[in-house]
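J.: what follows is a protein structure lacking sequence information:
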């Protein structure tokens with residue numbers, strides 16, 4: 001162990017840390033030095049997504065102390081930024097183990113700084129926290145969640161007063177404040193019954209439901225024909241159950257069933273290995289129910305309700321749609337049925353999202369803007385466009401995140417669930433399915449196929465170092481061909497340059513710095529490689545364009 005790690009272990013083995021914590025640390029140091037090192041080798045990094053990590057004792061883990069330190073730093077930064085004015089913060093939490101405990105810990109610390117706290121009285125979705133931050137005129141919002149990570153994880157997500165996730169410089173300045181807090185003695189906290197802590201619930205949820213209902217594009221048709229579509233919904237033991245069933249009924253989808261085994265919120269996620277709808281195995285129970293009752297549509301939301309995936313039945317065949325396909329179908333549905341589109345309308349996608357999204361927007365005469373991976377960058381542009389320069393319509397990313405309108409400033413799986421059902425009904429009324437609609441888009445714009453592979457590493461110092469070495473190797477010794485196809489261009493977002501490999505000419509990239517590489521191939525295919533911002537894994541995205549057969553073959557070779 002290095003000196004800094006030993007110092008952190010010694011500190012947590014002593015007062016003022018509680019007796020149980022001190023005993024656990026001492027036992028871990030004596031019996032399992034490797035595990036102890038991994039728990040204390042660093043402090044959880046506070047980035048644009050806040051904190052996220054394994055739950056447990058230690059400075060690199062999510063626990064009541066790291067949550068308290070983070071909230072102390074946030075409170076200090078809020079005071080420095082807004083002065084002695086009345087400050088307000090909304091805190092939401094999901095169904096994960098210790099989420100409520102961490103939310104209450106954060107509330108007590110903020111109250112200790114005389115900051116008014118609106119604490120959710122029960123579990124809510126992540127997009128609801130974005131909505132509530134805006135609706136209650138808060139300077140910040142906190143959501144306790146680890147989204148779709150495995151059950152061992154939890155996290156601490158921070159929103160700014162516009163309802164978007166924090167970005168630079170706020171994230172770095174908050175982190176500086178947090179790093180000054182190393183002892184519980186430095187954390188101000190009030191009791192949970194402090195007058196600065198107010199629990200909020202039903203009325204605010206009703207406001208959110210009304211905002212979602214205002215987005216309905218085919219209200220009369222849906223209320224009249226919604227029952228013709230049999231919709232199956234799986235909550236995956238998460239928070240979507242708080243909103244989705246009720247809203248489906250309000251929108252007119254009364255032929256609605258839930259997967260009962262996965263209905264109840266449960267932080268142990270007992271029926272799935274990974275509570276992530278990106279994993280086909282996670283949807284097995286939903287697909288089985290869909291087959292049994294002959295459902296038309298299966299909708300799944302992840303544990304914190306910000307991502308949505310869908311499966312479509314055609315005859316006896318059930319097809320799972322990927323995030324790119326869902327984003328494109330929703331974009332086409334929205335642009336086809338919005339009553340009016342301002343001249344300065346804009347849609348936004350991330351750089352790893354399919355270029356078919358752009359083609360659809362251009363077909364409607366709508367500008368499409370690229371941002372870095374992460375919905376926070378879409379939220380950032382929405383805020384910038386409040387100056388009237390552009391009118392935001394819709395945003396999408398390949399990882400099953402979409403957003404219509406501006407009442408929420410993060411991806412919203414609840415909203416997406418309603419819209420995909422509406423899009424499916426619109427196709428149904430024409431005697432078609434979402435697959436037919438997707439084929440129409442391919443016929444109009446070309447066949448696009450996408451794939452993704454994640455290479456996972458241990459959640460440890462060695463795992464993170466290995467990820468860094470691999471990304472560095474790809475930069476210093478980049479491949480000149482991939483699967484025998486020539487690489488003609490490399491975009492390096494860390495060095496902010498694009499290199500033409502034939503001429504050697506370098507041109508600057510305008511997007512912010514990010515640890516991401518894009519390899520463009522002579523065939524028109526592209527490969528994007530980037531470390532995950534929230535998990536110890538490197539993600540590889542492939543996209544190819546051409547005939548369906550050619551795409552399938554090349555895509556398989558690129559991503560496997």
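T.: Okay, I see it. Predicted, not measured: the structure shown is a model, and the values here were computed from it. Numbers count the residues shown, from 1 in each chain.
J.: ok, now how distant is residue 290 from residue 284?
T.: Using C-beta to C-beta, to the nearest Å, one gets 10 Å for the distance from residue 290 to residue 284. Any C-beta I mention is one placed from the backbone N, CA and C, and that applies to glycine too.
J.: these two: which has the busier surroundings?
T.: In this view residue 290 and residue 284 are compared by other C-beta atoms under 10 Å, and residue 290 has more residues nearby, 24 against 13.
J.: residue 426 against residue 330, yeah?
T.: No - with contact taken as C-beta atoms under 8 Å, residue 426 and residue 330 are classed as non-touching, separated by 11.4 Å.
J.: when the two are compared, which one has more neighbours?
T.: Neighbours per residue, other C-beta under 10 Å: of residue 426 and residue 330, the larger number sits with residue 330, 24 against 20.
J.: helix or strand right after the longest helix seen in the chain?
T.: Ranked by residue count and defined by DSSP state H, the top helix of the chain is helix 64-82. For helix 64-82, the following helix or strand on the C-terminal side (DSSP states H and E) is strand 88-93.
J.: pLDDT (mean, whole number) over that following strand?
T.: Summarised as a single mean, pLDDT over strand 88-93 is 98.
J.: now do stretch 265-284
T.: Per-residue pLDDT values across stretch 265-284 average out to 95.
J.: check stretch 379-392 too.
T.: Averaging the model's pLDDT scores along stretch 379-392 yields 96.
J.: could you work out the end-to-end span of that stretch for me?
T.: Using C-alpha to C-alpha, to the nearest Å, the span of stretch 379-392 from its first residue to its last is 10 Å.
J.: and if you look at stretch 512-529?
T.: Using C-alpha to C-alpha, the end-to-end distance of stretch 512-529 comes out at 16 Å.
J.: pLDDT-wise, which helix or strand of the protein ranks last?
T.: Of the helices and strands making up the chain, the lowest-confidence element is helix 548-559, at a mean of 60, by mean pLDDT, DSSP states H and E.
J.: thought residue 243 was touching residue 211?
T.: No - checked against C-beta under 8 Å, the pair residue 243 and residue 211 is beyond contact range at 11.2 Å.
J.: more neighbours: which of the two?
T.: Summary of the neighbour comparison: residue 243 and residue 211, criterion other C-beta under 10 Å, with residue 243 having more neighbours (25 against 17).
J.: and the pLDDT for the more buried one?
T.: Residue 243 is assigned a predicted lDDT (pLDDT) of 98.
J.: give the contact list for it.
T.: For residue 243, the set of contacting residues under the criterion of C-beta atoms under 8 Å, 6 or more residues apart in numbering consists of 125, 128, 205, 208-209, 212, 305, 414.
J.: roughly how far does it sit from residue 530?
T.: The gap separating residue 243 from residue 530 is 31 Å, by C-beta to C-beta.
J.: how far off strand 88-93 does the longest helix of the chain point, in degrees?
T.: For helix 64-82 against strand 88-93, the angle between stretch directions is 150 degrees (axes from the mean of the first three to the mean of the last three C-alpha atoms, to 10 degrees).
J.: quick one: the strands in the stretch 351-500 of the chain, in order.
T.: For the stretch 351-500 of the chain, the strands identified by DSSP state E, counting those that start in this stretch occupy 367-371, 391-397, 401-404, 447-456, 481-482, 485-492, 497-500, in order along the chain.
J.: I'm done for today, thanks for sticking with me.
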